[in-house]
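# what shape does this take:
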Amino acid sequence: MRVLLILAGRELRDGLRNRWIAAAVLLLATLALSLAFLGSAPVGAVKAAAFDITVASLASLTVYLLPLIALMLAYDAFVGEAERGTLLLLLAYPVARWQVVLGKFLGHTAILALAILIGYGVVLLGVSLAGESSPGDWRAFAALMASSLLLGAAFLGLGYLPSVLVRERATAAGLAIALWLLFVVLYDLALLGLLIADQGQVIGRDLISALLLANPTDAYRIFNLSGSDSMSLVSGMAGPASEAGFGSGLPFLVMLAWVALPLTAAVLVFRRKEI
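Just a heads-up that it's a prediction; the model follows:
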């Protein structure tokens, strides 16, 4: 455990010195605060609580920005150190390769947690001071922050895979961008096109559920945007969530699986990789 904490602390310090990561965290906080105070305009039109509007807006922001931050942290975690020669030096110490992977994962997860606390903590404080909030609102916001960390951790594991598979940082960066485009943009467009082309002839409720949960960003959306009737109405998830028959537990478990499986795969590949 001590080795993991030392490795995690090293990654945390390196990540905090990265200007790109600092800029991304600042952008996350700025956009989150802007959405919190400017995104509540449709409250009167849709008769939804301001807190629901805020959570829906932040969830939409998280889906696009947090995976990108996670991939920026992860894509050169191994190939970058291999190019600089520091990975060989690290492995010369009495540490197991799985400890290196998990240590990096803990350090990068701590950076994401800090970004979420800064970005969304300011929003929570501002919204609470600006109006009334109920215990249910606080629980919804806590669930948003916890699931956002899970989403970021899932993309850390996905970003580690190209980093341990390739030998050049440029290739790893290109694969990381491809992963972001696939899971955040292209997957839902392809699924929408498939549903339109099918017109309900072949694809049924169970297959729709499986296809939605096959993407960590969709599982995140379902978990956060279908928790209440007003939230589902505001986010546009009322139809898909009710049609697929989701509760809140299954999407959360799916996000946990999306964290565990890519991370396990990265550990197995790195243990067999020749440095």
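# please tell me how far residue 56 sits from residue 225.
According to C-beta to C-beta, to the nearest Å, residue 56 and residue 225 sit 6 Å apart. Backbone N, C-alpha and C define where each C-beta goes, glycine included.
# next: residue 139.
Noted for residue 139: a distance of 15 Å to residue 225, by C-beta to C-beta.
# and the two? which has more neighbours close in?
Using other C-beta atoms under 10 Å as the criterion, residue 139 and residue 225 rank with residue 225 on top: 24 against 11.
# show me where the stretch 151-275 of the chain has helices.
Assigned by DSSP state H, counting those that start in this stretch, the helices in the stretch 151-275 of the chain fall at 169-180, 187-198, 205-213, 216-225, 229-235, 238-244, 249-272.
# which of those sits most buried?
Mean neighbour count, computed with mean count of other C-beta atoms under 10 Å, is highest for helix 216-225 among these, reaching a mean of 25.
# can you show me the CA trace of that one as CSV?
Output in CSV follows, covering the C-alpha atoms of helix 216-225 (Å, rounded to 0.1, in the frame of the first residue of the first chain):
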residue,chain,number,x,y,z
PRO,A,216,-19.9,4.6,-20.4
THR,A,217,-21.1,8.1,-21.3
ASP,A,218,-24.6,6.9,-22.0
ALA,A,219,-24.7,5.0,-18.7
TYR,A,220,-23.6,8.2,-17.0
ARG,A,221,-26.3,10.2,-18.7
ILE,A,222,-29.0,7.6,-17.7
PHE,A,223,-27.8,7.6,-14.1
ASN,A,224,-27.9,11.3,-13.6
LEU,A,225,-30.6,12.5,-16.0
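# give me the helices and strands touching that helix, please.
Other helices and strands packing on helix 216-225, by 3 or more C-beta pairs under 8 Å, 6 or more residues apart in numbering; DSSP states H and E, are helix 50-74, helix 135-165, helix 187-198, helix 205-213, helix 229-235, helix 238-244, helix 249-272.
# any idea how many residues pack against residue 123?
Counted with other C-beta under 10 Å, residues neighbouring residue 123 total 22.
# how about it, what does it touch?
With contact set as C-beta atoms under 8 Å, 6 or more residues apart in numbering, residue 123 has these partners: 32, 33, 35, 36, 54, 58.
# most neighbours of all those, which one?
In terms of neighbours by other C-beta under 10 Å, these top out with residue 54 at 28 neighbours.
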